[in-house]
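S.K.: Return a 3D structure for these sequence lines:
(chains A and B)
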Amino acid sequence: MKARILVVDDDEALAEMIGIVLRNDGFEPVFCADGGQALEIFRSSKPDLVLLDLMLPGSDGIEVCRQIRGESDVPIVMLTAKSDTSDVVRGLESGADDYVPKPFKPAELVARVRARLRPGDQKAPETLRIADVTIDVAGHLVTRGGERISLTPLEFDLLVALARKPWQVFTRELLLEQVWGYRHAADTRLVNVHVQRLRSKIERDPEAPEVVLTVRGVGYKAGS
Amino acid sequence: MPWLLSRARIWTRRGLILVLRVSRLVSIGVRQIRPGLRYLWRSLLRRWRRSLEFRTVLTTLLLAVTSFAIVGAYLSNQIANNLFQERLVQAESESRYNVKQVQDTFDGAQVTDQSSVITLVYDTLTAVEGRGSVIQRRYVFEAKPEQTKPRNRWVESRASDQLTVRVIPPELRKAVQEGGKQQFWASTQFPVGNEDRPGIAVGNMVTFNGTSYELYLIYDLNTAQQTLNEIQNVLWAGGAALVLMIGAIAWYVTRNVVSPVSHAAVVSEKLAAGQLQERMVVKGEDEVARLGASFNHMAASLQEQITQLATLSQMQQRFVSDVSHELRTPLTTVRMAAEVLFEAREDFDPMNKRSAELLYHQVERFQSLLSDLLEISRFDAGAAVLDAEPQDIFQVISHVMEGASPVAAEYGSDVRLNARQKSIVVEMDSRRIDRILRNLLLNALEHGEGRPILISVAANHDAVAVSVRDHGIGMSQAEAARVFDRFWRADPARARTTGGSGLGLSIAAEDTKLHNGWLQAWGRKGSGSNFRLTLPLRQGGTIVKSPLQLEPADIEFPGTARERQMLVLGTDPGTPPQRSQAAAGLDTPDAVEGEDR
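M.R.: So this is what the prediction gives:
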């Protein structure tokens, strides 16, 4: 089955070009040129992934991202000409899983789309624990004290990666490779933002984390 | 004045004893409270240095005390002198009268037997002391020595209570003995009760029954002394009060003058700290008010200019950001289209194929140039911000070495790492440091002539240094000085093998500046070059000395490099370099996207 990808971009030439590239790689693109209609088209087309331009007429990409995230865990990859830290962080905080800065190469775009679409590892029944958080890997379920915590697939993957090796300190690069699935990406802001977001959901006090700990100067590790 | 001198001597002695006692107490005390005293002394010194008010008041007080000491000493000296002179005149005239009385009584005496003679002499002398309970004058009556002793001389010497002839200064006695009928005087001290009192001794010669006697009348100066003491007390008390008042006046006046100045200092510090709306309070029309007004005027024009500059800078930043955004969207489309064509080039005829290749490579180059230009304009607009956090610099270095390994393989250069430490945590923006080091390494590979490249890392107390040394064509000192200039190329005719924009090292220099670090280049024709990056370990720290030398020790040949702990990471000769991989590493020397605004 072809994966369906919703491309939300107001630049028609770019959208068309992205469509060509995606089709070329065996995806089925759906287009939307207006942020105001994005949610509607999202609901009707039920895509497997959303490519979202941050700068959109009507409503801006961040708002669209928040709306989609409000009703779905579908992976969202932002396209951005602005790679300013605050914009990227804002986009990631509104729920995007990843971003591709313009100008990007077709291969780069496809790689990131594939990384987010990759079928989850054949998950054996496995239960992991960090601090007072329980993770049912196969069931994709995270609970604390019997109460269910809702995580996006990416946040879930991040938590699982940390929980599987509680003795290891993960550098941001290593997490990028293991969770996002690419090498040589020096942009560790992605990790920082997602760790913050994960903490805001699973920590009792995100200011004093117990589940995902920061190891100063190195990276992150699971709490005990 | 002999009498005053003797008083001075007493005072000096008392003073000395007091000083000795105090100094002993102080030396005992100092041993125990030395740190406290030192602290007090230091804080006083600091106040002296830092507070004009303190300095002025202290100086005024010291000067006032000195002047009062001088004036007071002069006044009390004058008063003492006057008091003494007055008493002396009185004493001399009284003495003349009394001596005449005694001589008259002796001359008219009609007594011959021993007891009457003694009684007469004693009564006469007692009368000299004066009537009433208060003794007006004391006497010392002594037969003149060395004279033939008549038969009826029954009185040798006689003196008032507690006195002997020893209280009379020898000089006075000598003068009286040799002076005949003349009257002499001298200052002396005599015992009354338990104390020594100052006095004037007036000496005369009287005769009785053919015998010459020295008669000394001693006048008490105690009342004069007491008057003097009282006057002195009043003087010192008045002086002290005046000094305190002068101190208070000095403090008040200084405060009035200094407080606007220190107010101005506070305001200008706030201005310097960026609170541009800060102004001085202006009251009245005096000099201080004028200072305030012109200060405020200056602050206003400063604020205006800074705001103007900030607006300009903002406009420039927005322009750069807009250009960046507007250009990037079509560029992305063009780039993707070019790549699609490039991938499909094998299906084209040779002319179209070559066109597709040219299009692809030139779009890449254009994009690299554009992002470098945008990066530089971000620096120029002051929009670049440091996103520093502590990270191990070896992580960044190995990342850079790994990324450059296809290029290294293509050039056939070994890239070696030389470091004593295993981990150095530096507070830095790792994306920028990554970009700097990648630029340096690619630059070294490009000019390294395929010879080994040595990356050295070292740290000292406050800085870390990374140097990239190649043994290629090298450059002259003049070229090394220009190597960070924008679009500068050592050899314009040289083929652009790496397709760099000519901005790579300029961006590296800007990135370094943002870290408050140093980026320096050394080169020699034929001996290769050495680029050294020095960063403070903590942001806000300063670099005193770079842990590595800029001029390498191994100038002669690569083989002599003294590497202590060598880690060969570079290339695997077994795998032939992939051109496309090399291009991926090279065409985007700043694949790290900076921030657009």
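S.K.: In a strand, B:L533, correct?
M.R.: Yes. Using DSSP: H, G, I helix; E, B strand; the rest coil, the assignment for B:L533 is a strand.
S.K.: pretty sure it is touching B:V466, no?
M.R.: Yes. Judged on CB atoms under 8 Å, B:L533 makes contact with B:V466 at a distance of 4.9 Å. The way it works is simple: take the backbone N, C-alpha and C, and place the C-beta from them, glycine included.
S.K.: Just the helices from chain A, written as ranges.
M.R.: A:12-24, A:35-45, A:61-71, A:85-93, A:106-117, A:153-164, A:172-175, A:189-202 (DSSP state H).
S.K.: Show residues contacting the second one.
M.R.: Right, helix A:35-45. Under the contact criterion CB atoms under 8 Å, 6 or more residues apart in numbering or on different chains, helix A:35-45 has outside partners A:4, A:6, A:8, A:10, A:30, A:32, A:50, A:52, A:56-61, A:63-64, A:67-68, A:72.
S.K.: Buried ones in the lowest-mean-pLDDT helix or strand in chain A, by neighbour count?
M.R.: Lowest by mean pLDDT, DSSP states H and E among the helices and strands of chain A is helix A:85-93, with a mean of 75. Judged by neighbour count using 16 or more other CB atoms under 10 Å in any protein chain shown, the buried positions of helix A:85-93 are A:T85, A:D87, A:V88, A:R90, A:G91, A:L92, A:E93.
S.K.: Let me know the closest of those residues to chain B.
M.R.: A:T85 (5.4 Å; CB to the nearest CB).
S.K.: wait, which of the helices of chain A is closest to B:H515?
M.R.: Each of the helices of chain A has some distance to B:H515 by CB to CB; the shortest is helix A:85-93, at 16.5 Å.
S.K.: counting contacts, what elements does the closest one pack onto?
M.R.: helix A:61-71, strand A:76-80, strand A:98-101, helix A:189-202 (3 or more CB pairs under 8 Å, 6 or more residues apart in numbering or on different chains; DSSP states H and E).
S.K.: Give the buried residues for the longest one.
M.R.: If I follow you right, that is helix A:189-202. Buried, per 16+ other CB under 10 Å, within helix A:189-202: A:R189, A:L190, A:V191, A:N192, A:V193, A:H194, A:V195, A:R197, A:L198, A:R199, A:K201, A:I202.
S.K.: Please work out which residues outside that helix touch it.
M.R.: A:85, A:88-89, A:92-93, A:97-99, A:133, A:142, A:144, A:149-151, A:154-155, A:158-159, A:172, A:175-176, A:180, A:206, A:209, A:211-212, A:219-220.
S.K.: repeat that with 7 Å
M.R.: Helix A:189-202 has contacts (CB atoms under 7 Å, 6 or more residues apart in numbering or on different chains) with A:85, A:88-89, A:92-93, A:98, A:133, A:142, A:144, A:149, A:151, A:154-155, A:158-159, A:172, A:175-176, A:180, A:206, A:209, A:211-212, A:220.
S.K.: Would you mind getting the angle between it and helix A:153-164?
M.R.: Angle, helix A:189-202 to helix A:153-164, by axes from the mean of the first three to the mean of the last three CA atoms, to 10 degrees: 80 degrees.
S.K.: got a list of what B:R482 touches?
M.R.: Neighbours of B:R482 in contact, by CB under 7 Å, 6+ apart: B:W488.
S.K.: Tell me the spatial nearest neighbour of the residue nearest the centre of chain A, not counting adjacent residues.
M.R.: By CA atoms, centre = their mean, chain A has its centre lying nearest to A:D97, at 1.7 Å. Closest residue in space to A:D97, ignoring its immediate chain neighbours: A:L154 at 4.4 Å, by CB to CB, 6 or more residues apart in numbering or on different chains.
S.K.: For chain B, see how far away the one you found is.
M.R.: Note on A:L154: its distance to chain B, by CB to the nearest CB, to the nearest Å, is 21 Å.
S.K.: burial count for whichever residue of the stretch 151-300 of chain B sits closest to chain A?
M.R.: Evaluated by CB to the nearest CB, the stretch 151-300 of chain B has B:G274 as its residue closest to chain A, separated by 21.2 Å. Neighbours of B:G274 under the rule other CB atoms under 10 Å in any protein chain shown: 8.
S.K.: Check B:H297 too.
M.R.: 11.
S.K.: do B:Q277 as well
M.R.: With other CB under 10 Å as criterion, B:Q277 counts 9.
S.K.: Surely it forms part of a strand?
M.R.: No. When classified by three-state DSSP, B:Q277 is found to be coil rather than part of a strand.
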